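Undergrad: just need the structure, nothing else, for what follows:
(one chain, ligands or ions: 1)
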Amino acid sequence: MSTVMENPLRVGLRQERTPEPQILVIFGASGDLTMRKLVPALYQMKKERRLPPEMTIVGVARRPWSDDYFREQMRQGIEDFSDGIGSEELWQDFAAGLFYCSADMEKQEDYQKLKALLGEIDEKRGTRGNRVFYLAVSPNFFVPALKNLGAAEMLKDPLKSRIVIEKPFGRDLNSAKSLNRVVQKVCKEEQIYRIDHYLGKETVQNLMVFRFANAIFEPIWNRQFIDHVQITVAETVGVEDRAGYYENAGALRDMVQNHLLQLLCLTAMEPPNALNPDTLRTEKVKVLQALRLADLANVENCSVRAQYSSGWMRGKPVQGYREEPGVKEGSTTPSYVAMKMLIDNWRWQGVPFYLRTGKRLPKRVTEIAIQFREVPLLIFQSVAHQNNANILSMRIQPNEGISLRFEAKMPGADLRSRTVEMDFSYGSSFGVTTSDAYHRLLLDCMLGDQTLFTRADEVEEAWRVVTPLILTWDSPSSQENVSQYEAGTWGPSLSEMLINQDNRRWRRL
Ligand code: BG6
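TA: Alright, predicted model coming up:
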């Protein structure tokens, strides 16, 4: 497999390419991610004829499943979480490339068994020794899996083996650094694909196209014209059945360190001078290096965290975070985080970036809103109303699109204005719904394109940015400062205060 260094925008508007014959080994094959996301995305690629005929998937997990049972489970996943099997013939062809290997990720001898199986598959199916190892497992297994794959010499050839690591990549700066050291001991950076599924979203990639394929936005994309930026990732779901993981993560580690900071980087970065994986990632790293919480001397002044209490969602009562299954009594894990950040560089000096994310909020919506400065002199005194600033809203999901808010004269004899919107929507412009992020990311990884995956220094810088909050919030003395917000509301009142104290308001979404 060769490494692809290609213009990602051109890849995005893609000349269709098919990966080389290969085996995708999924560790964590009996888990949710495999069944809900990975295998349905692979099947979708099969439907679109994007997979080579030799493509083989080997599921690895502890359970003693047979190949046939694994196939049945995956079929169920495709039926439940995508638009179904379609043609039976196509499914049979796909299923013939599904295998299962029962293994304990901590046992070296099991990797020998896996290695032997992969060798046999190479012979039988012509996969030519090409492999992608996907760690869709709990982070406790990352290190043993990496060490054992290394010891079994399965990552030795950088041209033929790749490894995909799911988030969370570490739980703070030190653990991320030590994980990076382990990874870099067993393979080269060009073999490592650290996933942040937000980068696979069509609308997130469109941030680059929007900014760098249009000439009119760049001249106003700076402190001279922009008043502030708001990034919102709101979810309606609660912690669901993931308390085991979430209790140790909370919204800061689960969402901010990765998804929100990636959105911020793509919004704030300088135009890369070429679009290959490293130039792009270098620009993102530069943003992270210049990014900081607005008040480093007292981070509580520029941040808020909170937990949902019981409330109502779409007319139905829902329980509070502490009552959710698996959550510790008196838990202080935040399910909501908001913060004000600044970027110390020429483009953004003094422009606040307000970030907020939470579970059990009234609406599922992810948006980046660029609020421009108000007009320097409002000559329409008689029709003046509050806040006539232009806002460019980039809707990441749902209802994907971009709109620009501006003032227009209302029809009639009086000179009265009203706020209106120019709107672009993916649905109506392209007539298709955007494809799933995993579809794109799996394909890129199989093609050897690292553009949409995070680099070692990038992930470390992102941890560095949130370190002051981790240190403050994890300290026992500040545990009781976690406030509550009612499920189905837009978060705690402290969050309103965070932005109101700057004479600004969160957008009503
Ligand atoms: C995951 C988080 O990375 O992203 C989840 O672990 C969160 O807690 C999810 O629900 C949100 O992803 P999306 O694509 O639904 O916005």
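
Undergrad: the stretch 101-250 of the chain: strands as residue ranges?
TA: Secondary structure of the stretch 101-250 of the chain by DSSP state E, counting those that start in this stretch: the strands cover 131-135, 161-165, 192-194, 226-234.

Undergrad: which stretches of the chain have low pLDDT?
TA: Where the chain drops to pLDDT under 70, the residues are 1-16, 381-387, 434.

Undergrad: the most far-flung residue of it relative to its centre: what's it in contact with?
TA: Most distant from the centre of the chain: residue 413, at 50.0 Å, with distances by CA atoms, centre = their mean. Under the criterion of CB atoms under 8 Å, 6 or more residues apart in numbering, residue 413 has no neighbours. To be clear about C-beta, it is placed using only N, CA and C from the backbone, and glycine gets the same treatment.

Undergrad: and what about it, helix, strand or coil?
TA: Under DSSP: H, G, I helix; E, B strand; the rest coil, the three-state class of residue 413 is coil.

Undergrad: going forward can the numbers begin at 265, since that is how I track them
TA: Noted, 265 is the first residue going forward, which turns the last one into residue 677.

Undergrad: now render the strands of the stretch 365-514 of the chain as JSON lines, adding mean neighbour count and distance to residue 657.
TA: Formatted as JSON lines, the strands of the stretch 365-514 of the chain follow (neighbours: other CB atoms under 10 Å; distance: least, CB to CB, whole Å):
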{"stretch": "strand 395-399", "mean neighbour count": "24", "distance to residue 657": "35"}
{"stretch": "strand 425-429", "mean neighbour count": "24", "distance to residue 657": "32"}
{"stretch": "strand 456-458", "mean neighbour count": "23", "distance to residue 657": "29"}
{"stretch": "strand 490-498", "mean neighbour count": "21", "distance to residue 657": "9"}
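
Undergrad: can I get the ones you listed in JSON lines including distance to residue 586?
TA: Below are these laid out as JSON lines (distance: least, CB to CB, whole Å):
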{"stretch": "strand 395-399", "distance to residue 586": "31"}
{"stretch": "strand 425-429", "distance to residue 586": "31"}
{"stretch": "strand 456-458", "distance to residue 586": "32"}
{"stretch": "strand 490-498", "distance to residue 586": "21"}
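
Undergrad: quick one, which of those strands is nearest to residue 311?
TA: strand 395-399 (20.1 Å; CB to CB).

Undergrad: now the closest one - C-alpha only, PDB.
TA: The C-alpha trace of strand 395-399 is given here as PDB (Å, rounded to 0.1, in the frame of the first residue of the first chain):
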ATOM      1  CA  ARG A 395      -3.400  -4.900   6.800                       C
ATOM      2  CA  VAL A 396      -5.200  -2.300   8.800                       C
ATOM      3  CA  PHE A 397      -5.600  -2.900  12.500                       C
ATOM      4  CA  TYR A 398      -8.500  -1.000  14.000                       C
ATOM      5  CA  LEU A 399      -8.500  -0.700  17.800                       C
END
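
Undergrad: quickly run through the sheet partners of it, with directions.
TA: Sheet pairing of strand 395-399 (DSSP bridges) gives strand 287-291 (parallel), strand 425-429 (parallel).

Undergrad: nearest to residue 635, of those?
TA: Smallest distance to residue 635 across those (CB to CB): 36.0 Å, for strand 425-429.

Undergrad: what about the helices in the stretch 665-773 of the chain?
TA: Secondary structure of the stretch 665-773 of the chain (DSSP state H, counting those that start in this stretch): helices at 690-694, 701-711, 720-738, 757-764.

Undergrad: what's the burial count for the closest residue to residue 403 other than its chain neighbours?
TA: Spatial nearest neighbour of residue 403, excluding adjacent residues (CB to CB, 6 or more residues apart in numbering): residue 432 at 5.9 Å. By the measure other CB atoms under 10 Å, the count of residues near residue 432 is 21.

Undergrad: and residue 291, how many residues sit next to it?
TA: Neighbour tally, residue 291, other CB under 10 Å: 26.

Undergrad: that older thread, could you verify my assumption that the residue nearest to residue 403 touches residue 520?
TA: No: using CB atoms under 8 Å, residue 432 and residue 520 do not qualify as a contacting pair, with a distance of 11.4 Å.

Undergrad: measure the residue nearest to residue 403 to residue 341 for me?
TA: Distance from residue 432 to residue 341, counting by CB to CB, to the nearest Å: 23 Å.

Undergrad: repeat that for residue 596.
TA: According to CB to CB, residue 596 stands 35 Å off from residue 341.

Undergrad: please apply the same query to residue 294.
TA: To residue 341, residue 294 is 11 Å away according to CB to CB.

Undergrad: would you tell me which one of the helices of the stretch 665-773 of the chain is buried the most?
TA: Most buried of the helices of the stretch 665-773 of the chain, by mean neighbour count (mean count of other CB atoms under 10 Å): helix 701-711, with a mean of 23.

Undergrad: residues contacting residue 412?
TA: Per CB under 8 Å, 6+ apart, neighbours of residue 412: 369-372, 375.

Undergrad: do that again at 7 Å, thanks
TA: Going by CB atoms under 7 Å, 6 or more residues apart in numbering, residue 412 touches 372, 375.

Undergrad: over to residue 428?
TA: 396-399, 457, 459, 709.

Undergrad: quick check: nearest residue in space to the residue nearest to the spatial centre of the chain, chain neighbours excluded?
TA: Central residue of the chain (CA atoms, centre = their mean): residue 462, 2.7 Å from the mean position. Excluding the flanking residues, the one nearest residue 462 by CB to CB, 6+ apart is residue 523, at 4.3 Å.

Undergrad: what is the burial count for that neighbour?
TA: 22.

Undergrad: now it: how far from residue 465?
TA: Using CB to CB, residue 523 is found at 10 Å from residue 465.

Undergrad: and the strands paired with strand 395-399 as a markdown table, adding distance to residue 451?
TA: Listed next are the strands paired with strand 395-399 as a markdown table, based on distance: least, CB to CB, whole Å:
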| stretch | distance to residue 451 |
| --- | --- |
| strand 287-291 | 14 |
| strand 425-429 | 6 |
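
Undergrad: burial count for residue 749?
TA: 25.

Undergrad: that one is in contact with residue 600, isn't it?
TA: Yes: with contact defined as CB atoms under 7 Å, residue 749 reaches residue 600; the gap is 6.2 Å.

Undergrad: what's the overlap in contacts for these two?
TA: With CB under 7 Å, 6+ apart as the test, residue 749 and residue 600 both reach 570, 755-756.

Undergrad: of the residues you listed, which is the most crowded?
TA: Busiest of the shared contacts of residue 749 and residue 600 [other CB under 10 Å] is residue 755, holding 27 neighbours.

Undergrad: go ahead and confirm that one touches residue 748.
TA: No: the pair residue 755 and residue 748 fails to qualify as a contact (CB under 7 Å) at a distance of 10.2 Å.

Undergrad: so what sits against both of the two?
TA: Common neighbours of residue 755 and residue 748 (criterion: CB under 7 Å, 6+ apart): residue 570.

Undergrad: show me what contacts the nearest residue to residue 532 once chain neighbours are set aside?
TA: Nearest-residue entry for residue 532: residue 551, 4.9 Å, with adjacent residues in sequence omitted and distances by CB to CB, 6+ apart. The contact partners of residue 551, taken as CB under 7 Å, 6+ apart, are 529, 532-533, 607.
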